[in-house]
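Student: My questions are about this predicted structure, shown below with the sequence.
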Amino acid sequence: MWVELCKAIVITWLLPVHCLPVEQRATNVSLQNPDLFAFHRAMLAIDSTSGRETNMTDFVANHLRSLNWTVELQAVHNPTLDPNIRRENIYAYLGSNRTTRLLINSHTDTVPPYYPPSDDDENVYGRGANDAKGQIAVQLFALEKLRKENKIKEGDVGILWDVGEEEYADGIRAANSLNITPIWSITGEPTESFQATGHKGGFTVYLNSTGKSAHSSVPHLGRNAIVQLVAAYNEVVQKKFSANRFWVNTTISLDKIQGGLVPNQVPDNAIGTINVRNAANASVVLEELISAFDKIPYVSIIRNASMSNPIKFDVIKDWIPEKVMPYGTDLASWTGKNYRFLIGVGSITTAHTDHEVVSKAEMIQGVDYYADFITGLLNGTFQVDHAGTFPNITP
Ligand SMILES: [Zn+2]
């Protein structure tokens, strides 16, 4: 696939890493930028699962201070979490002027479970390798490169690395009150170094399955709530939900089941969690789900509080290739009216897995395209193709 795609790319000054012949994907790539990979690895060595970001925030904030960035830490409170765990967004800028023309954004938390980093000649592995510590590393090294070249100055850029992206979106919601009004924001998430043209919305619903208990030696006298729940899901997952050609399709995924008490009793209750990635208005898809489950006896649906609609991003005309992303980000909860872009290293196909990975060559290239992106926006040589729709949160 890459061969055709690469042929289709008319700009030659910046070829995506996928287009490089294998022999040019240098071995010992780390040696090309050892500081980049040392910083990345140091972040990966820290467990910053959502809700427990303290050590990661402290490490990154101290590193920024050592580079002479002004760092503000914004406390993020979440009533569902232990108040004794300190959780803070990082907002950093140059000098004393906290207003910014361009906001550089990503997140410090990761999904569970944590596992430590490792690497080989081509890749770095570990929780957060691409989602999103690889983004933070690339963004910071691009900014530092531009500082050394005197291409950014006080008031040009601000860095927002927030907590809670993977689970609560509480960090970005808190950041809405930071009182910064950038013209543009670039968010780093794994996009395989494509410019993201948009991403889907998302929400979670719970299923409640009511069965009938029985002794496990005579299971036919009961009604197994777990089996019933899985059967209901298998029926509903076959259906087509509302979508839009731009965001492609709406997907649902049964991600968690709780049910059963003991090994010798047919369970009479089970609860399932379904994650929805909607390619159409969230409330429309929710209604479709409700009516699908309404037809199934003993299984009912309980909606969750927060839902987001799909959004579009702005892109740079005639730059690197574009693609819509199948996932969502906490940008759906960002209320700023700025142009917004989404781009980053690594792929969603390994994010959130036990084999999360990022290519070293892609990270090195990421530093370069981030530097070009930042410069192009600040000096006006990059033309924004304005497609962005601002998010609509359905409470
Ligand atoms: Zn992420």
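Tutor: Here it is on my side, so go on.

Student: Give me the number of neighbouring residues for Lys312.
Tutor: By other Cβ atoms under 10 Å, 18 other residues sit near Lys312. For every residue, glycine as well, the C-beta is placed using N, CA and C.

Student: brain fart, Pro112
Tutor: 14.

Student: And the pLDDT at it?
Tutor: Here, the pLDDT recorded for Pro112 equals 97.

Student: cool, and the one 5 residues further on?
Tutor: Reading off the confidence values, Pro117 has pLDDT 97.

Student: what sits against it?
Tutor: By Cβ atoms under 8 Å, 6 or more residues apart in numbering, Pro117 lies in contact with Arg41, Leu44, Ala45, Val124, Tyr125, Gly126, Ala129.

Student: Which members of the residues you listed are the farthest-apart pair?
Tutor: In the contacts of Pro117, the most distant members under the criterion Cβ to Cβ are Ala45 and Tyr125, with 12.6 Å between them.

Student: Who has more neighbours out of the two?
Tutor: Set side by side, Ala45 and Tyr125 show more neighbours around Tyr125, with 19 against 13, by other Cβ under 10 Å.

Student: For the helix or strand hosting Ala142, which helices and strands make contact with it?
Tutor: In the assignment (DSSP states H and E), Ala142 maps to helix 133-148. Other elements packing on helix 133-148 under the criterion 3 or more Cβ pairs under 8 Å, 6 or more residues apart in numbering; DSSP states H and E are helix 34-44, helix 54-66, strand 102-107, strand 157-162, helix 360-378.

Student: Buried among the contacts of Pro117? Need that as a selection in PyMOL.
Tutor: Buried residues within the contacts of Pro117, by 16 or more other Cβ atoms under 10 Å, are selected in PyMOL with:
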select buried, resi 41+44+124+125+126+129
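
Student: Tabulate the contacts of Pro117 in CSV, adding columns for pLDDT and distance to Val157.
Tutor: Below are the contacts of Pro117 laid out as CSV (pLDDT from 0 to 100; distance: Cβ to Cβ, whole Å):
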residue, pLDDT, distance to Val157
Arg41, 98, 25
Leu44, 98, 25
Ala45, 98, 27
Val124, 97, 25
Tyr125, 98, 30
Gly126, 98, 28
Ala129, 98, 25
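
Student: Among the contacts of Pro117, find me the one that's closest to the ion.
Tutor: Minimum distance to the ion across the contacts of Pro117 is 11.5 Å, recorded for Ala129 (Cβ to the ion).

Student: and Gly346, what does it touch?
Tutor: Ala129, Asn130, Asp131, Gly134, Pro190, Glu192, Glu356, Val357, Val358, Ser359, Glu362.

Student: Same question for Phe373.
Tutor: Phe373 neighbours (Cβ under 8 Å, 6+ apart): Ala142, Ile186, Ile316, Phe341, Ile343, Phe382.

Student: Need those residues in TSV (columns: distance to Thr349).
Tutor: Below are the contacts of Phe373 laid out as TSV (distance: Cβ to Cβ, whole Å):
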residue	distance to Thr349
Ala142	24
Ile186	22
Ile316	25
Phe341	21
Ile343	17
Phe382	29
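
Student: Next, the angle strand 102-107 makes with the helix holding Ala142.
Tutor: Per axes from the mean of the first three to the mean of the last three Cα atoms, to 10 degrees, the angle that helix 133-148 makes with strand 102-107 is 150 degrees.

Student: and helix 133-148, anywhere near the ion?
Tutor: No: Helix 133-148 does not reach the ion (Cβ under 5 Å from the ion); its nearest approach is 7.8 Å.

Student: Give the buried residues for that helix.
Tutor: Buried, per 16+ other Cβ under 10 Å, within helix 133-148: 133-147.

Student: One more: stretch 322-334?
Tutor: Glu322, Val324, Met325, Tyr327, Gly328, Thr329, Asp330, Leu331, Ala332, Ser333, Trp334.

Student: From those, which shows the smallest pLDDT?
Tutor: Ala332 (82).

Student: ok, that residue touching Ala169?
Tutor: Yes: with contact defined as Cβ atoms under 8 Å, Ala332 counts as touching Ala169 (7.5 Å).

Student: hmm, back to that, nearest to the ion among the buried residues of stretch 322-334?
Tutor: Taking the buried residues of stretch 322-334 together and measuring to the ion by Cβ to the ion, the closest member is Thr329, at 6.4 Å.

Student: Provide a list of residue ranges in this protein with pLDDT below threshold.
Tutor: Scanning the chain for pLDDT under 70 picks out 1-27, 305, 387-395.

Student: how about the residues of it near the ion?
Tutor: So far as Cβ under 5 Å from the ion goes, the chain lies against the ion at Asp131, Ala132, Glu189.

Student: which secondary structure element contains the first one?
Tutor: Asp131 is part of no helix or strand when elements are defined by DSSP H and E.

Student: Return the backbone torsion pair for it.
Tutor: phi -120, psi 80 (degrees, to the nearest 10).

Student: does it really touch His352, like I thought?
Tutor: Yes: in terms of Cβ under 8 Å, Asp131 counts as a neighbour of His352; the distance is 6.8 Å.

Student: More neighbours: which of those two?
Tutor: Using other Cβ under 10 Å, the more surrounded residue of Asp131 and His352 is Asp131, with 29 against 16.

Student: From Glu287, how far off is that one?
Tutor: 31 Å (Cβ to Cβ, to the nearest Å).

Student: residue contacts, Leu207?
Tutor: Applying Cβ under 8 Å, 6+ apart to Leu207 gives the contacts 229, 232-233, 270-274, 293, 299-302.
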